[in-house]
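S.K.: Below: sequence and its predicted model.
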Amino acid sequence: MTRREGVQLLALLASFVVAGYAGIRLLAGNVIGTGVWFVGSAVVHDLVLFPLYAGIDAALVLLLRWRPEWATVAGVRWLNYLRVPVVISGLLLLVWSPLILRVSNGAYYAASGLSAQPFAPRWLAVTAVLFAISAVILVVRAMQGVKP
Amino acid sequence: MSVLDRWVNRAAEHPPPGPFRAGFWRSPLRGPWFTAMLSVALLPGITLMFLTGLASYAAYNPNLAPGNDTTPDKGLLGSWLPGWPTGPSWLYWVNQGVHVTLGLVLIPVVLAKLWSVLPKLFEWPPARSVTQLVERTSLLLLVGGAVFELVTGVMNIQYYYAWPFGFYQAHYYGAWVFIAAFVVHVSFRLRTMVSALRGRSLRVELRTPASQTTAEEPDPDHLVSSDPAPATISRRGALGMVAAGSLTLFALSVGQTIGGATRSTALLAPRGQNIGPGPTDFQVNKTAAEAGIGPADASWRLDLKGAASTSLSRAQLLALPQHTARLPIACVEGWSTGVQTWTGVRLADLAAMVGATPDTSLFVESLQRGGGFGSATLSAGQVQSSDALLALRVNGADLSIDHGFPARVIVPALPGVHNTKWVTRMTFQPGQG
């Protein structure tokens, strides 16, 4: 073991002491329930969310590689004009899904006196605007491209 | 060569199929420079998240009275925190606005960062040395902690309590578990980050389109694909997409913090809805119906206890010298009511009325039935603040039942839930300030 490795190992052990001190308190209320949420949220990201979005994207990229004639409109590659609005819209859905899907309707109303009803139409409207902006930019680029 | 080394080498030659094999990861964008660019945003961002989170915890004055402490077994993780000041009055407003809005803004950056280093999760063999095994365990706490903090925070601001634990405990201790791993991670990787940033020119990257994007130079950490596919997006484009995601989240939520005319721009944030034009039509944290408060009761009296005791009707309170203060209520969830004009009796005047000295703290109890925060203890400094009121009116009208009629506490820079509504009893406690 080199000196550098030794120092690193010491630093890691010190951090485990702090993490352990906090971890005991974190788990105190419900060891299994909290542990499942702590490990589970990372596992769901790594083994569900990532394969899902990366898989859909890879399938699309492969399709366009298989049929290159589909990959362009008026000489412009449209893939990223689809990716960006899909990614941002999906991000908004991921973050605000409890309100958009109204799964926390009751608690939201009890706290605020407000209805969660507007969130789904608002998300759809924002999504429509994102796609519209992307489409406009794509059309402008395509028109610039056909200029002599 | 030891038995262990031989075993490690043999394992390295026979990785399981799929993501454990180098050829599986083909994006030409993954590499130390790309990862380092995301770290440039995360390093100050996460540091600020931790500090504002700690400040928010301190703002509840957990060390003043057991009832104020949402995590009473914290021990060394906060028993040293100082008391919370009463000024500037926007202190908690800004602190929580930054904490929650920044947390939202960092979500796409964290997701991108996880994407950029995901091949490392499937590294084979899992560890080549004891130090590496220990470091990878630490990364489990780092990634698990980051995702756990974001998930609990995001769910909490949407009232989605689907978990089997208390939010305060989980989010506070979770942050300590995370920060322990974060500090070590930064100290190990800072040099790598700096040299990766120096390795490529940002100016050149910002001018490189997808058609000319190629993989970075092979790196010792094997982030760079050994068999990169042709680029379908540039590094500029991918970083731009992350920034656009952050910017959208920011633009569609910051209005709930600033309030006023900007509130309606917070289209997807929980508190982006306007309530109405009336003097009491501003955001409510807990409705009277939820708190089990019935219609206004004419027999209501405020019990005041100090060296002496008394009880006052609302008419008697209104006959005392009235003071007006322009203060916001800011919630731990990041939203704010914006500044409202509160009128009522100074807490310091009520203290003097029952012979309480200026060094006494104040225990305030609500009529609310069930739920959290039915009482709170205010420090002597908060009681003596000239803008700390038992408010009876707001914006020129009587308090509405949802805003705490007949009387509520309002103190500058105090977390929203400690501004107790529907007050029934106030007990001044000498020597605890």
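M.R.: The structure has been received and is ready for your questions.
S.K.: quick one: B:Ser234 from B:Pro28, how far?
M.R.: 10 Å (CB to CB, to the nearest Å). C-beta: built from backbone N, CA, C; applies to glycine.
S.K.: mind listing what the residue positioned nearest the centre of chain A touches?
M.R.: When CA atoms, centre = their mean is applied to chain A, the residue found nearest the centroid is A:Leu91 (4.5 Å). Taking CB atoms under 8 Å, 6 or more residues apart in numbering or on different chains, we find A:Leu91 in contact with B:107-108, B:111, B:245, B:248-249.
S.K.: Okay, and the beta partners of B:Phe363?
M.R.: Note on B:Phe363: beta-bridge partners by DSSP bridges are B:Thr377, B:Thr427.
S.K.: what about the residue nearest to the centre of chain A, which helix or strand?
M.R.: Using DSSP states H and E, A:Leu91 sits within helix A:79-100.
S.K.: in that helix, what counts as buried?
M.R.: Counting neighbours by 16 or more other CB atoms under 10 Å in any protein chain shown, one finds that the buried residues in helix A:79-100 are A:79-81, A:83-93, A:95-100.
S.K.: Kindly report the same for stretch B:293-311.
M.R.: For stretch B:293-311, a neighbour-count test (16+ other CB under 10 Å) marks B:293, B:300-302, B:304-306 as buried.
S.K.: Pull the contacting residues for residue 19.
M.R.: By default, I'm working from chain A. Here A:Ala19 is in contact with B:141, B:176-177, B:180-181 (CB under 8 Å, 6+ apart).
S.K.: if you could check chain B rather than the one you did, that'd help
M.R.: B:Pro19 is in contact with B:25, B:119, B:121-122, counting by CB under 8 Å, 6+ apart.
S.K.: Export these to a markdown table and append columns for secondary structure, distance to chain A and pLDDT.
M.R.: Conversion of these to a markdown table gives the following (DSSP: H, G, I helix; E, B strand; the rest coil; distance: CB to the nearest CB, whole Å; pLDDT from 0 to 100):
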| residue | secondary structure | distance to chain A | pLDDT |
| --- | --- | --- | --- |
| B:Trp25 | coil | 10 | 95 |
| B:Pro119 | helix | 11 | 95 |
| B:Leu121 | helix | 6 | 93 |
| B:Phe122 | helix | 9 | 93 |
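S.K.: So which of those residues is the closest to A:Leu47?
M.R.: B:Leu121 (9.3 Å; CB to CB).
S.K.: A:Arg3 versus the closest one, what's the distance?
M.R.: Using CB to CB, B:Leu121 is found at 29 Å from A:Arg3.
S.K.: returning to that earlier point: pLDDT on the helix holding A:Leu91, on average?
M.R.: Helix A:79-100 shows a mean pLDDT of 98.
S.K.: what's the spacing between the following helix or strand past that helix and its chain's center?
M.R.: Next helix or strand after helix A:79-100 toward the C-terminus (DSSP H and E): helix A:105-112. Computed by CA atoms, centre = their mean, to the nearest Å, the chain-centroid distance of helix A:105-112 equals 26 Å.
S.K.: Now do the contacts for the residue lying closest to B:Gly97 once chain neighbours are set aside.
M.R.: Distance criterion CB to CB, 6 or more residues apart in numbering or on different chains; nearest residue to B:Gly97, sequence neighbours excluded, is B:Thr257 at 3.7 Å. When contacts are counted by CB under 8 Å, 6+ apart, B:Thr257 is found next to B:93, B:96-97, B:100-101, B:334-336.
S.K.: Check the residues you listed for burial and list the buried ones.
M.R.: Counted by 16+ other CB under 10 Å, the contacts of B:Thr257 give B:93, B:96-97, B:100-101, B:334-336 as buried.
S.K.: if we take those, which one ends up nearest to chain A?
M.R.: For the buried ones among the contacts of B:Thr257, the closest approach to chain A (CB to the nearest CB) belongs to B:Trp335, at 9.3 Å.
S.K.: which phi and psi does the closest one have?
M.R.: For B:Trp335, the backbone dihedrals are phi -90, psi 170 (criterion: degrees, to the nearest 10).
S.K.: for it, what are its contacts?
M.R.: Contacts for B:Trp335 (CB under 8 Å, 6+ apart) come out as B:100, B:256-257, B:259, B:269-271, B:283.
S.K.: Surely B:Gly338 is in a strand?
M.R.: Yes - assignment of B:Gly338 by DSSP: H, G, I helix; E, B strand; the rest coil places it within a strand.
S.K.: ok, which stretches of the chain are helices?
M.R.: No chain was given, so I picked chain A. Assigned by DSSP state H, the helices in chain A fall at A:3-27, A:31-44, A:50-66, A:79-100, A:105-112, A:119-146.
S.K.: you looked at the wrong chain, it should be chain B
M.R.: Using DSSP H, helices in chain B cover B:3-13, B:32-59, B:91-117, B:130-156, B:167-199, B:202-205, B:235-251, B:255-258, B:314-319, B:347-353, B:380-384.
S.K.: show me the contacts for B:Val8.
M.R.: By CB under 8 Å, 6+ apart, B:Val8 lies in contact with B:125, B:128.
S.K.: Mind pulling up the pLDDT for it?
M.R.: At B:Val8, pLDDT is 83.
S.K.: Ends of stretch B:198-207, what's the gap?
M.R.: 17 Å (CA to CA, to the nearest Å).
S.K.: what's the answer for stretch B:216-225, then?
M.R.: 9 Å.
S.K.: Could you list the buried residues of that stretch?
M.R.: For stretch B:216-225, a neighbour-count test (16+ other CB under 10 Å) marks B:216, B:219, B:221, B:223-225 as buried.
S.K.: Which segments of chain B make up each domain?
M.R.: B:3-251, B:301-429 (automatic domain parsing).
S.K.: Pick the most deeply packed of the ones you listed.
M.R.: The highest mean neighbour count among the domains of chain B, using mean count of other CB atoms under 10 Å in any protein chain shown, belongs to domain B:301-429: a mean of 20.
S.K.: what's the first-to-last distance across that one?
M.R.: End-to-end distance (CA to CA), domain B:301-429: 20 Å.
S.K.: Quick one: mean pLDDT for it?
M.R.: Per-residue scores along domain B:301-429 average to 97.
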